Structure formats: structure tokens, C-alpha cells
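>>> Sequence and predicted structure, then a few things I'm wondering about:
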Amino acid sequence: MDDQQSPAAGGVGGADPVLEVRDVSVHFGGVSALSGVSLSVRAGEVTGLIGPNGAGKTTLFNVVSGLQRPDRGTVRIAGRDVTGLGPHRRARLGLARTFQRLELFSNLSSEDNVRVGLEARRRGRRRLPLLGGAERVPGGAATALLERVGAGEAAGRPVNSLPTGTARLVELARALAISPQVLLLDEPCSGLDDHESVGLGRLLRELADEGRAVLLVEHDMDLVLDVCDVVYVLDFGEIIASGTPAEIRLHPAVQAAYLGQLSDGTGTSGGGAGIE
């Protein structure tokens with residue numbers, strides 16, 4: 001395995017990347033938050049991004065989604081250079097994101113939050129299936145999306161009355177409402193119980209199977225290693241390893257820093273130091 005290039009460079013069926021990050025660097029004053037970061041995310045795949053607190057994962061998500069301009073490097077969506085485009089224009093190209101710190105309209109109901117995404121989706125672009133191929137009127141689509149992510153019972157409730165885990169599912173439903181081709185998920189399992197996390201893992205695989213490119217930041221290493229096709233490891237702003245989950249389990253530096261003794265079954269996925 002090459003520490004700087006995913007061995008899955010051909011992707012599923014050799015498909016070209018939908019999302020490409022190339023040689024991205026970001027500095028805040030004299031601090032290097034990202035240094036020469038490159039990664040690719042392909043349609044039909046779930047790609048994991050792991051690393052300790054402060055590794056630069058959120059900064060990278062901000063660069064990809066247009067909230068942070070890089071000092072160097074490029075971001076491409078479906079081959080188009082979007083490095084200079086704002087978040088709303090990237091959303092119209094099919095990029096959706098959830099946040100580590102919830103970003104919802106807290107006084108609106110869950111259903112109305114999802115309708116915000118559905119309204120944005122009416123801009124007119126290529127659409128992927130929202131509901132197993134079935135299109136519905138916006139009101140029905142909002143409810144169905146909430147049901148799909150496991151938050152159907154929260155449809156009429158204000159977001160500020162929901163537990164954190166449920167609110168994260170609402171945020172995911174809103175992201176899906178724009179029918180994204182690229183989906184960025186920042187710690188979506190935070191606040192979910194074990195049963196809900198397993199259900200979310202199944203959903204992520206379904207979303208990838210429908211043709212989406214999913215980039216996942218998650219501290220739940222059982223989920224990451226179970227659902228991801230490719231995993232990148234970010235540390236001190238640099239990619240230190242990439243590969244399949246099996247390769248990441250066995251990578252000496254990654255294992256020592258984050259994964260404990262997963263390869264021989266004696267450790268736990270939470271045994272690593274500081275996984276976000």
C-alpha cells in the first residue's frame with residue numbers, strides 16, 4: 001500500500017472520481033492546518049477520513065464545501081474545478097454536507113428543515129433517486145426522507161426539542177433533499193445509540209449503491225472499517241496513510257496511533273488515541 005495514494009485508485013469499476021482534492025494546503029497565520037493533501041472519492045463508494053483531534057479534518061471539509069479557500073491546491077467536482085466557487089454554487093453542482101456542530105434552523109420543525117433542502121433542489125440539475133427511484137411532491141418527499149434516515153417520528157417537532165442524535169438524522173435528511181452526488185458527513189453517529197449507528201451504516205451503503213460518492217468523518221471505528229471502501233488517515237494536516245479498511249487495520253503507524261490491536265482482535269475500536 002502506498003502511504004500517499006489509495007490502492008483503490010481505479011475505484012468501483014475503474015470509475016473516475018466525482019470529488020478530487022489535489023495538493024491542498026491551508027495556513028492560519030504561522031500554523032499549517034493542511035499540507036499538500038490529496039484524496040479522491042468515487043461514485044458508488046464510501047470513503048472514510050480519520051485522524052486525531054486537530055488533524056485538519058474539519059478544515060478539509062470546509063475547503064471541499066467552499067467555506068475555506070485553500071492557500072494552494074484545487075477541488076474538483078465531476079471534473080470541474082470548483083476551488084473558486086462559493087458553497088451555494090457547489091450545492092447546485094450536487095455537493096451536500098452535514099456538520100460536526102449541528103447547523104439546523106432550530107425553531108423550525110424537522111419537516112420544514114428538510115423542505116429547505118427540497119426548495120434548493122428545484123434549481124434544476126441532474127437528480128439521483130431520493131426514495132428508491134420514486135419521486136413525490138415536496139411535502140411527501142420531506143416526510144419520506146425523514147422516515148428513510150430513521151427520524152420519521154420527529155417530522156412535526158421543532159428541531160430544538162430533539163435529542164442530538166435525532167437532530168443529526170434530520171440534518172442528514174436535509175442534505176439528501178438536494179439529491180447530492182457528493183455527500184460529506186462530519187461525525188453523523190455522534191449522539192446515536194448502537195442500534196441507530198448500525199442502521200446509519202446500512203443507509204450509507206445504500207446511498208453509495210445508488211451512485212453517490214460519500215466522504216465520511218467518524219470516530220466510530222467499527223462503523224468506518226465496516227462500511228468504507230477506502231480510508232484516508234490525516235494527522236498534523238497531512239495524509240499519512242490510505243487504503244482499504246483491511247490495510248488500514250494492519251498499517252503499523254495507524255495501528256499504533258489510533259486502532260490499538262484491532263488486527264489480532266485483542267483491542268477495541270475505541271482504543272486509539274484521540275480519534276474524532
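In hand now; what should we look at?

>>> got the buried residues for stretch 40-47?
40-47 (16 or more other Cβ atoms under 10 Å). Placement of C-beta: from N, CA and C, glycine included.

>>> And stretch 145-157, by the same measure?
For stretch 145-157, by 16+ other Cβ under 10 Å, it's 145-146, 148-152, 154-155.

>>> where do the helices sit along the stretch 51-200 of the chain?
Ranges of helices in the stretch 51-200 of the chain, per DSSP state H, counting those that start in this stretch, are 57-65, 87-92, 110-121, 138-149, 164-176, 194-209.

>>> hmm, who's touching the first one?
Helix 57-65 is touched from outside by 19, 21, 24, 26, 33-34, 37, 49-51, 68-70, 75, 87, 90, 95, 97, 100, 184, 186, 215, 217, 234, 237, 276, with contacts defined as Cβ atoms under 8 Å, 6 or more residues apart in numbering.

>>> Now, of those residues, which are buried?
The neighbour-count test (16+ other Cβ under 10 Å) marks 19, 21, 24, 26, 33-34, 37, 49-51, 68, 70, 75, 90, 95, 97, 100, 184, 186, 215, 217, 234, 237, 276 as buried among these.

>>> Give me the subset of those lying in strands.
Among those, the residues falling in strands (DSSP state E) are 19, 21, 24, 26, 33-34, 37, 49-50, 75, 95, 97, 184, 186, 215, 217, 234.

>>> give me the number of residues near the closest residue to Phe236 other than its chain neighbours?
Nearest residue to Phe236, sequence neighbours excluded (Cβ to Cβ, 6 or more residues apart in numbering): Ala55, at 6.7 Å. By other Cβ atoms under 10 Å, the residues close to Ala55 number 25.

>>> what residues are up against Ala55?
Contacts of Ala55 (Cβ under 8 Å, 6+ apart): 234-237, 276.

>>> cutoff 7 Å now
With contact set as Cβ atoms under 7 Å, 6 or more residues apart in numbering, Ala55 has these partners: 234-237.

>>> Who are the contact partners of Ala173?
114, 145-146, 149, 151.

>>> ok, it to Arg148 distance?
Distance of Ala173 to Arg148, computed by Cβ to Cβ, to the nearest Å: 7 Å.

>>> Check Ala55 too.
31 Å.

>>> Then Pro188?
For Pro188 relative to Arg148 (Cβ to Cβ), the value is 14 Å.

>>> same thing with Asp226?
Relative to Arg148, Asp226 is positioned 20 Å away (Cβ to Cβ).

>>> looking at the helices of the stretch 51-200 of the chain, which is closest to Pro245?
helix 194-209 (12.5 Å; Cβ to Cβ).

>>> Can you point out the buried residues in that closest one?
196-197, 200-201, 203-205, 207-208.

>>> Using a markdown table, please lay out these together with distance to Thr59 and pLDDT.
Putting the buried residues of helix 194-209 into a markdown table (distance: Cβ to Cβ, whole Å; pLDDT from 0 to 100) gives the following:
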| residue | distance to Thr59 | pLDDT |
| --- | --- | --- |
| Glu196 | 28 | 86 |
| Ser197 | 25 | 89 |
| Leu200 | 24 | 90 |
| Gly201 | 26 | 93 |
| Leu203 | 27 | 93 |
| Leu204 | 23 | 95 |
| Arg205 | 27 | 95 |
| Leu207 | 25 | 94 |
| Ala208 | 25 | 95 |
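
>>> Pro252: which of those residues is nearest?
Gly201 (26.8 Å).

>>> Might you report the residue contacts of that closest one?
With Cβ under 7 Å, 6+ apart, Gly201 has these contacts: 223, 226-227.

>>> Thanks again, I'm all set now.
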